[in-house]
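In: Take a look and give me a structure for this.
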Amino acid sequence: MSGFSNEQNFMKFSRYESIVIFIALSVFLLGCYAPPGLMDDVDAVQAQIARTMLDSGDFITPRLNKIAYMEKPPMKYWLIAGFFSIFGEYDWVARLPIALGAALLAWVVFHFGKWTASERAGFQAGLAISTCIGLFLFTRVLIGDVLVTLSITLALWSFLRIIDDNESHPNRWSIIGATCISMGILLKGLISIVFPLAIAGLYLIVTRQIFQRRVWQRVNLPLFIFVILLISSPWHIIAIVQNPPYFDFSMVSEPGKYRGFFWLYFFNEHILRFLGRRHPKDYNTVPLLSFWLLNLVWLFPWSAFLPYLKRLKFTINPENRLERTTILAVCWIAVVMGFFSLSTTQEYYSMPIYPALALLIGIALDKKDSLPRFGLWVIASACLAAIPAILGILYLVRNVQVSGDISKALAKTDDVYGVYTLALGHFGDLTLNSFAYLRFPLVMALISTFLGLLAFYYSKKMRDIAFILIAIMMLIFFQAAQQALIVFEPYLGSRPLAEGLRDVPEGKVIFDNQYYTFSSVFFYFNPKDALLLNGRINNLEYGSYAPNAPDVFIDDNEFKEIWAKSDRCYLLVEKPSFKRLQDLVGAEKFYTVREVGGKLLLTNLKL
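Out: This next block holds a predicted model:
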């Protein structure tokens, strides 16, 4: 059989497979290097939790600044901690699990497509998922959704292998599928079992196999359940025992009330989050229509070929692998998108459907001798539109002199949760003058567009070359985006302030606002006894009410008292918030150590 079952050829890479691996590793491993450093907010938080686990030896309860942070399962932190223990505690190391997971996803999709239809179908599907905008964009931050997507993809492929009468080892695939679901549970929570089971269940209902004895005999449900419980339950049980009270079934989420790990994890972070009743309300939601339509952007440029899915045979009586995979992909998309259409959404929540769409595109294009002209026209038109736009911007900023960092040229909004919780929220900060800081990334993007036009030229004569040219176009475009992130680093992160703290005498460090505001300082400077000024909000609020939680939060009155003492202190604050503290303490009581990206490092004593 093709796919993973052919052990003799398992380590023999064909030309198609080698290209997919090379492109995927190039896209995601090249994105690991620093600069840019880890960004503030969730990016540096994940790395710091992993480091704290290594330092403390507690791999059960994640913590930030010694406060329990029990919202998410620990697998992602375990992976980062494992890489830290091998390569050292560096920012690029923290990115390796996500990068390798994304590359592995492309490889799995390749084999899934190869098993379903042909090696060319797998090749096209593998390149599509590894070079689509969404997968690159949503792996720039250390969120584990790409690893969850990998676990769901493998679990669903395992499901098709199990019910395939030609598969001679269904139990093996039951174990693989259950293991993948277990890993997903430890990465993201119960959604990782809900999606595969719901998708497989919908498939069996649609194809009228739900009551067939043959199917359930091949699934081996006792073995399947045993593996899931064996792998995923120990952490949950230990976490419940370590963080009492053990069981609380309240459906009310309120501030100032500590109910232990069980309630927070199962009720607040699963049930109440889905219902939109979770506290704290520290997240935004994407309008439903945008949530659906943005997938055309996230899957670009390959979404240009979506109209050709109509050529596929969608039947409720699938007779072969191709037809089974096709109907499964439809169920896959319907379950994921339907689920989040009923709940709060973020743009990246639709990531689990990327493999399904990539497979459908790869299979559909495999049926044609040449790449569809309409899809190529869409890609070429986008390139043709980008060329004058980029040249026009470069011309308009030709005389603009740049000094300092890009934050001086940006127009930052005050609506943090309304804008910056969205993936492309910072695009609204751009002004014409800010593009003067982005000349090099713009030139790289310009170069990439010519490859898109070249792909159009080769599409009839050499379809594989055209497909590869589109993939390389995206690879160069992603590197342009990476260079842009380097320019944005002082604005999106605070590593220069952490470096400033290393160059000054020791003192107590105080962070204004919540932990996430300067989370990269915690990673790069790693203070042991930091205080959070008015920071008992959002993600650390719940853990701060746990028994024996350290007192790391201070209010304005406590800050005023500490700042007036003769002991040296340092304060990190965003520039718009500084005026309030000047009015509180007196402007003459602050001495600037460093200013970068609209953020300040201050001290109470002259240096």
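In: most centrally placed residue in this structure?
Out: For the chain, Ile143 is the residue whose C-alpha lies nearest the centre (CA atoms, centre = their mean; 3.7 Å).
In: Which helix or strand contains that one?
Out: No secondary structure element spans Ile143, as it lies outside all helices and strands (assigned by DSSP states H and E).
In: got a list of what the residue nearest to it when sequence neighbours are not counted touches?
Out: Here the nearest residue to Ile143 in space, its sequence neighbours aside, is Val42; by CB to CB, 6 or more residues apart in numbering that works out to 6.4 Å. In short, each C-beta sits where N, CA and C put it, glycine included. Applying CB atoms under 8 Å, 6 or more residues apart in numbering, one finds that Val42 lies in contact with 141-143, 516, 519.
In: export these to TSV and tack on pLDDT?
Out: Formatted as TSV, the entries for the contacts of Val42 read as follows, by pLDDT from 0 to 100:
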residue	pLDDT
Val141	93
Leu142	95
Ile143	93
Tyr516	94
Ser519	96
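In: can you pick the most crowded of those residues?
Out: Ser519 (26 neighbours; other CB atoms under 10 Å).
In: Helix or strand: which one has that one?
Out: According to DSSP H and E, Ser519 maps onto helix 519-525.
In: which other helices and strands contact the next helix or strand after that helix?
Out: Past helix 519-525, further along toward the C-terminus, the next helix or strand under DSSP H and E is strand 531-533. Helices and strands touching strand 531-533, as assessed by 3 or more CB pairs under 8 Å, 6 or more residues apart in numbering; DSSP states H and E, comprise strand 508-512, strand 553-554, helix 556-564.
In: how close does the residue nearest to the centre of the chain get to Arg259?
Out: With the distance defined as CB to CB, to the nearest Å, Ile143 ends up 26 Å from Arg259.
In: likewise Ile80?
Out: Applying CB to CB, one obtains 28 Å for the distance of Ile80 from Arg259.
In: In terms of packing, which of these two has more residues around it?
Out: The neighbour count for Ile80 versus Arg259, taken as other CB under 10 Å, is higher for Ile80 (27 against 21).
In: So that one is in contact with Ala50, correct?
Out: Yes. With contacts defined as CB atoms under 8 Å, Ile80 counts as touching Ala50 at a distance of 3.7 Å.
In: tell me, what's touching these two both at once?
Out: Ala94.
In: Could I get the full set of strands for this structure?
Out: Counting by DSSP state E, one finds strands in the chain at the ranges 63-64, 67-68, 508-512, 531-533, 553-554, 569-574, 591-596, 599-603.
In: pull the helix or strand with minimum mean pLDDT from this protein.
Out: For the chain, using mean pLDDT, DSSP states H and E, the weakest element among its helices and strands is helix 273-275, scoring a mean of 89.
In: ranges for the helices of the stretch 301-450 of the chain?
Out: Secondary structure of the stretch 301-450 of the chain (DSSP state H, counting those that start in this stretch): helices at 321-341, 354-366, 373-396, 439-458.
In: measure the residue nearest to Ile468 when sequence neighbours are not counted to Thr131 for me?
Out: Distances taken as CB to CB, 6+ apart place Ile19 nearest to Ile468, at 6.5 Å, with adjacent residues excluded. In this view, Ile19 and Thr131 are 11 Å apart by CB to CB.
In: just Leu147 next, same as before
Out: Relative to Thr131, Leu147 is positioned 19 Å away (CB to CB).
In: domain ranges for this protein?
Out: Domain assignment of the chain by automatic domain parsing yields the ranges 11-34+90-242+283-366, 373-481, 495-603.
In: Throw those domains into a markdown table and include distance to Phe267, thanks.
Out: Converted to a markdown table, the domains of the chain look like this (distance: least, CB to CB, whole Å):
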| stretch | distance to Phe267 |
| --- | --- |
| domain 11-34+90-242+283-366 | 11 |
| domain 373-481 | 23 |
| domain 495-603 | 12 |
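In: Run through the residues that contact the nearest residue to Asp369 once chain neighbours are set aside.
Out: Distances taken as CB to CB, 6+ apart place Arg463 nearest to Asp369, at 7.5 Å, with adjacent residues excluded. When the contact criterion is CB under 8 Å, 6+ apart, the partners of Arg463 are 369-371.
In: which ones are touching the residue nearest to Ile240 when sequence neighbours are not counted?
Out: Across the structure, with CB to CB, 6+ apart as the measure, the residue nearest Ile240 apart from its sequence neighbours is Phe262 (5.0 Å). With CB under 8 Å, 6+ apart as the criterion, the residues that contact Phe262 are 240, 243, 245-248.
In: Repeat the analysis, applying 10 Å as the threshold.
Out: 70, 236, 239-241, 243-249 (CB atoms under 10 Å, 6 or more residues apart in numbering).
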